[in-house]
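Q: please work out how this folds:
(one chain, ligands or ions: 1)
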Amino acid sequence: MRAAASAVVDAGVDAWASERLGAARAERLRALAADPGVPPFFGRTDDSCETFHIGRRHVRDTAGNPVVIDWRAPMSRPFYQASTADPQGLTRRRRFGFSGGDLTGYEDEVLAESSPAHPEEGTGRFLRAEIERPRSGPMRDIVATIQPEQDEIVRAPLAESICVQGAPGTGKTAVGLHRAAFLLYTYGSQLARTGVLVVGPNRAFLRYIEQVLPTLGEVDVEQTTLAELTARVPVRAVDPPEVAVLKGDVRMAEVLRRALWGEIAKPTDSVQVPLAGRRYRVPVERLKRYVDDVRRRGRAEDDQQVLHYVAGRERLATRLAEDARRQKEEGGGSPTDAETRRAARSAEVRDFCDAVWPVRDAAGLLCELWSDPARLARAARGVLDDDEQALLRWPVPPRSVRTAPWTAADAVLADELAGLLERTSGYGHVVVDEAQDLSPMQCRAVARRLAAGSLTVLGDLAQATSPWSPSDWRDTLAGLGRPHTVVRPLTRGYRVPGEVLDFANRLLPLIAPGLAAATAVRAEPGSLSIRPVAAIAGPLVDVVGGLSAVPGSIGIVCADDAAADVAAVLSDGGLPTAVLTDDGDEVPRVAVVPAALAKGLEFDAVVVVDPAAIAAAEPRGLHRLYVVLTRAVSTLVVLHRNDLPAPLGDHATL
Ligand SMILES: Nc1ncnc2c1ncn2[C@@H]1O[C@H](COP(=O)(O)OP(=O)(O)OP(=O)(O)O)[C@@H](O)[C@H]1O
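A: Residues are numbered from 1 along each chain as shown. The predicted model follows:
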């Protein structure tokens with residue numbers, strides 16, 4: 001296929017067409033470029049008469065016959081879904097193993113109806129080897145081993161919004177990313193216009209996942225964090241917790257709406273509109289009606305019909321110009337469209353709009369609200385009480401909008417205002433990860449990017465650490481604008497060995513009562529080690545030294561404010577490490593990980609330093625600890641000076 005694409009001559013009917021052909025060919029060659037380390041296929045399906053290979057992309061031979069079927073094609077579905085109970089027409093499924101591009105082995109499952117159940121069906125050798133392959137660098141794709149319950153979600157139709165409630169390591173993130181790739185393949189032309197957006201919680205997480213879609217051949221998906229999505233003001237300050245909670249509260253949407261639309265003034269005087277050399281008086285009564293009409297359109301029930309503030313101002317100007325035009329027509333004149341448009345842009349009309357429907361910008365308006373108590377009180381009356389209003393106000397008004405002490409929550413509010421001013425362009429599909437932590441205002445920011453598209457929401461209520469953490473998904477899904485989204489659970493844990501998962505799951509009745517616990521697909525005797533220590537330093541250096549001797553990634557997770565000390569201890573012990581930061585740098589093989597950044601990440605070996613300190617560091621510290629305890633693929637070592645938090649303490653049975 002590469003040879004055929006290279007051989008095409010870029011001769012179009014003219015220079016422009018030739019250039020376009022050349023660009024298309026370059027694009028095609030780029031799409032066909034293959035990493036020699038990535039095998040062209042990883043599976044094979046046999047039915048009674050045919051054999052198909054399954055791979056990352058479609059490959060055909062010189063005669064045009066398919067040699068490898070793209071994993072996303074409907075024909076590949078049985079490869080992922082067939083079982084001995086339901087062979088889906090297959091007699092055999094074969095999985096190939098590769099090492100650095102060399103075929104090293106294969107595993108067969110005979111699926112004919114009469115065959116006995118495969119002893120390790122679903123957790124075959126290859127799946128296990130794939131999970132346990134030592135990690136280095138960013139997250140890998142799972143195309144070769146997607147499991148049936150994951151495949152159901154990956155291949156759900158585009159129109160279906162889905163919320164995946166998945167326990168740690170059940171593959172939520174992997175499923176969300178593979179779903180994006182599946183949708184782009186299956187609904188390419190529809191999504192080419194509107195695009196797909198993936199939203200993650202922070203840069204460190206994004207850096208970890210951002211290579212998965214490109215390795216699946218999808219380079220055009222936009223992957224971003226919530227902070228980047230809402231970067232309307234330069235964030236340079238941090239809100240105290242109670243202020244951040246209030247700024248994330250859904251009532252802020254009403255306050256901002258009133259702050260913008262509530263300040264539209266009533267016309268007090270008529271306006272003289274110049275049109276084609278004469279002036280026409282528009283009386284104040286009619287002006288009032290125009291303003292009311294346009295303002296009402298700003299509150300349309302159907303979101304797609306809403307007239308945004310900036311467009312409303314233009315509409316108002318047009319209404320005045322049209323009034324003058326009518327007057328001229330009634331006098332026998334026939335003004336042109338261009339003359340009417342000029343009238344709408346005249347100084348007289350502009351002055352009127354400035355007085356009644358002033359030009360606004362999001363940051364400027366927010367700055368006014370936080371600086372001017374009377375202005376805030378007008379917008380917040382009946383919504384926020386006096387104490388709440390006081391929380392929002394800046395003690396000292398800033399010298400300029402740019403230098404104001406903006407916070408991350410302010411950026412989300414500025415984004416809300418920007419969404420009231422003008423329509424935010426929406427995507428055809430949005431995947432939002434770690435959604436359990438979104439504030440109601442952040443949910444609205446994501447919903448604005450959705451327009452008519454659908455949504456994949458990924459999260460785990462047991463890992464919810466933000467102040468808004470919901471106890472079920474209803475409010476989040478309503479906030480995201482898709483209240484009827486079906487919640488689908490994933491409970492088979494692929495990452496964490498059974499011994500470790502059972503230990504972490506002891507926290508579940510406390511942190512998420514009623515939530516089904518995950519069951520691990522692998523047991524790994526010896527994977528969990530709990531070590532009471534008198535002092536951390538010596539044992540920590542010993543443990544990390546021992547783990548460093550084998551390949552794979554190591555995360556040393558501790559309370560955020562202990563990270564620098566832990567790194568210093570390791571470096572003094574001859575084990576230089578880096579502290580993971582949220583600047584998007586690659587995660588080093590051996591990293592000290594502040595607990596707040598552990599979410600979504602995983603390491604072959606994890607050392608948890610002082611779990612009691614992690615639990616004590618924040619209001620939802622036990623949830624944070626649950627996140628931390630579920631990051632390990634092969635080994636978890638817990639070093640504790642103080643007693644373990646209660647449900648974990650009784651480890652006599654371990
Ligand atoms: N079908 C699979 N085949 C191979 N590996 C898998 C499969 N499903 C999940 N994994 C692996 O399990 C690990 C966990 O997956 P992922 O990070 O997507 O889970 P998650 O549910 O988002 O976890 P968490 O909520 O704890 O962040 C990853 O290393 C992923 O590659």
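Q: what about whichever residue of the stretch 1-150 of the chain sits closest to the ligand, neighbour count?
A: Residue nearest to the ligand within the stretch 1-150 of the chain: Thr145 (3.5 Å; Cβ to the nearest ligand atom). Heads up, the C-betas are built off the backbone N, CA and C, glycines and all. Using other Cβ atoms under 10 Å, Thr145 has 23 neighbouring residues.
Q: quick check: it touching Arg128?
A: No: with contact defined as Cβ atoms under 8 Å, Thr145 does not count as touching Arg128 (9.4 Å).
Q: who touches the closest residue to Gly333 other than its chain neighbours in this structure?
A: Closest residue to Gly333 apart from its sequence neighbours, by Cβ to Cβ, 6 or more residues apart in numbering: Ala276 at 7.0 Å. With contact set as Cβ atoms under 8 Å, 6 or more residues apart in numbering, Ala276 has these partners: Lys328, Gly333, Pro335, Thr336, Glu339.
Q: so which bits of the stretch 401-550 of the chain are right by the ligand?
A: Applying Cβ under 6 Å from any ligand atom, we find that the stretch 401-550 of the chain lies next to the ligand at Asp460, Gln463, Tyr494, Arg495.
Q: which one (most neighbours) among those?
A: Asp460 (26 neighbours).
Q: now do Ala23, the pLDDT please.
A: Looking at Ala23, its pLDDT stands at 83.
Q: what does the helix or strand hosting it contact?
A: Here Ala23, judged by DSSP states H and E, is contained in helix 15-32. Here helix 15-32 makes contact (Cβ under 8 Å, 6+ apart) with Met1, Arg2, Ala5, Ser6, Val8, Asp10, Ala11, Gly12, Gly217.
Q: now Ala451, nearest residue through space, not along the chain?
A: Closest residue in space to Ala451, ignoring its immediate chain neighbours: Gly426 at 2.4 Å, by Cβ to Cβ, 6+ apart.
Q: I meant to write Arg72 there.
A: Spatial nearest neighbour of Arg72, excluding adjacent residues (Cβ to Cβ, 6+ apart): Tyr185 at 4.1 Å.
Q: that neighbour looks like it's in a helix, true?
A: Yes: counting by DSSP: H, G, I helix; E, B strand; the rest coil, Tyr185 falls inside a helix.
Q: identify the bridge partners of the closest residue in space to Arg488 that isn't next to it in sequence.
A: Counting by Cβ to Cβ, 6+ apart, Val164 is the residue found nearest to Arg488 once chain neighbours are left out, at 5.6 Å. The partner list for Val164 in beta bridges (DSSP bridges) reads Leu458, Arg488.
Q: circling back to that earlier point, buried ones only from the contacts of Ala276, please, as a PyMOL command.
A: Per 16 or more other Cβ atoms under 10 Å, the buried members of the contacts of Ala276 correspond to this PyMOL selection:
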select buried, resi 328+335+339
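Q: among the contacts of Ala276, which lie within helices?
A: Judged by DSSP state H, these include Lys328, Glu339 as members of helices.
Q: any chance of the contacts of Ala276 in CSV, plus distance to the ligand?
A: Formatted as CSV, the contacts of Ala276 follow (distance: Cβ to the nearest ligand atom, whole Å):
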residue, distance to the ligand
Lys328, 65
Gly333, 68
Pro335, 63
Thr336, 61
Glu339, 61
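Q: Gly621: which of the contacts of Ala276 is nearest?
A: For the contacts of Ala276, the residue nearest Gly621 by Cβ to Cβ is Glu339; the value is 68.5 Å.
Q: separation between the residue lying closest to the closest one once chain neighbours are set aside and Val282?
A: Counting by Cβ to Cβ, 6+ apart, the nearest residue to Glu339 once its immediate chain neighbours are dropped is Ala276, at 4.7 Å. In this view, Ala276 and Val282 are 16 Å apart by Cβ to Cβ, to the nearest Å.
Q: same check, this time on Val627
A: Note on Val627: its distance to Val282, by Cβ to Cβ, is 62 Å.
Q: swap in Asp410?
A: Counting by Cβ to Cβ, the gap from Asp410 to Val282 is 40 Å.
Q: next up, phi/psi of the nearest residue to Pro66 once chain neighbours are set aside, please.
A: With sequence-adjacent residues excluded and distances taken as Cβ to Cβ, 6+ apart, Pro66 is closest to Arg60, at 5.3 Å. Main-chain dihedrals, Arg60, degrees, to the nearest 10: phi -120, psi 160.
Q: who's in contact with Arg60?
A: Contacts of Arg60 by Cβ under 8 Å, 6+ apart are Met1, Pro66, Val67.
Q: between these, which sits nearest Leu226?
A: Leu226 lies nearest to Met1 out of the contacts of Arg60, by Cβ to Cβ, at 39.9 Å.
Q: so the closest one sits against Val59, correct?
A: Yes: counting by Cβ under 8 Å, Met1 touches Val59, with 6.5 Å between them.
Q: near the ligand, which residues of this protein show up?
A: Residues of the chain that fall close to the ligand, judged by Cβ under 6 Å from any ligand atom: 127, 130-131, 140, 142, 145-147, 150, 166, 168-174, 460, 463, 494-495, 600, 602, 630.
Q: now the residues you listed: which count as buried?
A: Counted by 16+ other Cβ under 10 Å, the residues of the chain next to the ligand give 127, 130-131, 142, 145-147, 150, 166, 168-174, 460, 463, 494-495, 600, 602, 630 as buried.
Q: and the contacts of Ala276 as TSV, adding pLDDT?
A: Listed next are the contacts of Ala276 as TSV, based on pLDDT from 0 to 100:
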residue	pLDDT
Lys328	94
Gly333	87
Pro335	89
Thr336	93
Glu339	94
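Q: on that earlier part again, can you tell me the SS state at the residue nearest to Ala451?
A: State at Gly426, reduced to three classes by three-state DSSP: coil.
Q: please apply the same query to Lys266.
A: Lys266 - assigned by three-state DSSP - is coil.
Q: now Tyr626
A: Put simply, Tyr626 is helix when judged by three-state DSSP.
Q: wait, what's in contact with the spatially most central residue of the chain?
A: Note on the chain: the residue nearest the mean C-alpha position is Val199, at 1.9 Å, using Cα atoms, centre = their mean. The contact partners of Val199, by Cβ under 8 Å, 6+ apart, come to Thr224, Thr225, Leu226, Leu229, Val430, Val431, Val432, Asp433, Val446.
Q: switch the cut-off to 7 Å
A: Applying Cβ atoms under 7 Å, 6 or more residues apart in numbering, we find Val199 in contact with Thr224, Thr225, Leu226, Leu229, Val430, Val432, Asp433, Val446.
Q: pretty sure Ala355 is touching Pro267, no?
A: No: look at Ala355 against Pro267 with Cβ atoms under 7 Å: they stay out of range, at 8.1 Å.
Q: so for these two, which residue has more residues nearby?
A: Neighbour totals were compared for Ala355 and Pro267, and Pro267 leads with 20 against 13 (other Cβ under 10 Å).
Q: can you pull the phi/psi pair for the more buried one?
A: Reported as degrees, to the nearest 10, the phi and psi values for Pro267 are phi -60, psi 140.
Q: how close does it sit to Val294?
A: Using Cβ to Cβ, Pro267 is found at 12 Å from Val294.
Q: cool, and Ala380?
A: According to Cβ to Cβ, Ala380 stands 25 Å off from Val294.
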